[in-house]
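S.K.: build me a model:
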Amino acid sequence: MEKMGSGQTRKAVLQGVKSLLSILMENWGDPEGFKAAAVEPLSRALGGTGASTGTDPKNLEGLAEQVYLVTSQIRNLQIRHIDNHPDLLKAQKALEPAFAANPARQGSLWLAVRMRQEALSLLDTPEGKTTYGRIVNGLDEQRALVNKRFKETDQLTLDALETGVALIGASILGKGRNKFLIVTVAAEIVEKARKQARLHPSQTDVPADFSDNSPETRIVSALEEPARQAELTEARQRFSGLNDHQKGARYEALRKVMLKNISRIAPYAPHGFETFCLAVESIAFPYPAPLEWVRNFLKPLHANARQSTTFDKCRTEKSVNYRYQKIQEERGVNPVMLELARSFAMATLKTAQEETVKNFIVEVNLVGEFKWPADMDELKEHLQQ
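M.R.: Model prediction:
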């Protein structure tokens, strides 16, 4: 983070960063606004500006910018999903050793936790519950606008998604609104969509009670795809900053997960690359863990399995399984590729069988061969016999 002058004590920097809580809450979602508003309180906390204090306005702006960035990273990757105070304090305690060496980073951790505490407390108030309901209902009424707005946004991030939902929420509430509460409600709605977007394909997104067609259900469903794309964008951005060794480690970790869980992954490969990726990602990075970018590894794997000739001569499920068992006995077999290839072979057989049945139904002469009634009058006459 931006270094302050040698005259600044650890305590002064930490207190200076902590003094920014109210400003951060007021300007959450607006990093430039926060940076501009943070300079004066930082200057007071650090003893003013100038050579004697080792600070100047540019350094203070840089510190404010970094505080916002680190606080946002902690929130987005570590605590955004936490929905109760005890778990939040546990998370803070677990993270403290990683941030203790730098007072500005330690202060950013404190800010992230305190801001989440304020958000949880606010949501639990009558005002918070009423505001949540009003925004959800308003968003539900504007679902077409919501869908269009985020479908047309390139390189969408979760922060941008939250900001967009908050802007719509602000327009719904009108004047006299609580800005931090609106942002908090937007974050809660987006988090619900993020959770739903990370479900394994085997988990239905249809409510168990089909009468549950609530505004919240509808708007969360509408935001599911934008949330998924935002997570993928952020995962790709993080992956681009890794070196070759780190990327190799990601691949090895993914390979081990797939080996262990291939039975839950392979059946979804024939449903398309996107569904295949969802099956892998939901297992390798279960919610609320941050999503990692692994699709560059999955794309060639899926393509090779789809084009595999391993089961080309098999015409029945029995022959596919027999061939599968024989290959398993061979040395050096790739179990992941074998399972995926078998799934594609089984799906091809099933499609062929369904096509055969459909053609039979179309071509069969039910009247001539099975003496079925040719029209409603014949059917009525037959039923009266």
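S.K.: residue ranges in this structure under the pLDDT threshold?
M.R.: Within the chain, the segments meeting pLDDT under 70 span 1-7, 48-55, 204-212, 352-375, 378-385.
S.K.: A helix includes Thr275, no?
M.R.: Yes. Applying DSSP: H, G, I helix; E, B strand; the rest coil, one finds Thr275 inside a helix.
S.K.: how close does the residue lying closest to it once chain neighbours are set aside get to Leu46?
M.R.: Leaving aside its sequence neighbours, Thr275 sits nearest to Tyr268 (CB to CB, 6 or more residues apart in numbering; 5.0 Å). Just so you know, the C-beta spots here come from the backbone N, C-alpha and C atoms, and that holds for glycine as well. As judged by CB to CB, to the nearest Å, Tyr268 and Leu46 stand 55 Å apart.
S.K.: next: Thr275.
M.R.: Remark: distance between Thr275 and Leu46 (CB to CB) = 54 Å.
S.K.: these two: who's more crowded?
M.R.: Remark: of Thr275 and Leu46, Leu46 carries more neighbours, 23 against 14, as counted by other CB atoms under 10 Å.
S.K.: which stretches in the stretch 51-200 of the chain count as helices?
M.R.: Secondary structure of the stretch 51-200 of the chain (DSSP state H, counting those that start in this stretch): helices at 57-74, 85-99, 103-123, 126-141, 143-151, 158-173, 179-197.
S.K.: start and end of stretch 266-282, how far apart?
M.R.: One end of stretch 266-282 sits 13 Å from the other (CA to CA, to the nearest Å).
S.K.: flag every buried residue along it.
M.R.: Buried positions in stretch 266-282, judged by neighbour count with 16 or more other CB atoms under 10 Å: 266-270, 276-282.
S.K.: could you dump those to TSV with secondary structure?
M.R.: As requested, the buried residues of stretch 266-282 are exported to TSV (three-state DSSP):
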residue	secondary structure
Ala266	helix
Pro267	helix
Tyr268	helix
Ala269	helix
Pro270	helix
Phe276	helix
Cys277	helix
Leu278	helix
Ala279	helix
Val280	helix
Glu281	helix
Ser282	helix
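S.K.: got those residues as CSV, with distance to Gly241 columns?
M.R.: Output for these, formatted as CSV (distance: CB to CB, whole Å):
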residue, distance to Gly241
Ala266, 32
Pro267, 34
Tyr268, 30
Ala269, 30
Pro270, 34
Phe276, 26
Cys277, 21
Leu278, 24
Ala279, 27
Val280, 22
Glu281, 19
Ser282, 24
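S.K.: which of those lies closest to Asn27?
M.R.: Glu281 (33.2 Å; CB to CB).
S.K.: check contacts around the closest one.
M.R.: Glu281 makes contacts with 198, 291, 294, as judged by CB atoms under 8 Å, 6 or more residues apart in numbering.
S.K.: residues in contact with Gly169?
M.R.: 135, 138-139, 182, 185-186.
S.K.: mind doing that once more with 6 Å?
M.R.: The contact partners of Gly169, taken as CB atoms under 6 Å, 6 or more residues apart in numbering, are 135, 182, 186.
S.K.: also Thr233?
M.R.: Counting by CB under 6 Å, 6+ apart, Thr233 touches 155-157.
S.K.: switch the cut-off to 10 Å
M.R.: With contacts defined as CB atoms under 10 Å, 6 or more residues apart in numbering, Thr233 is in contact with 153-158, 160-161, 291, 293.
S.K.: make sure I have this right: it is in a helix.
M.R.: Yes. Thr233: assigned to a helix according to three-state DSSP.
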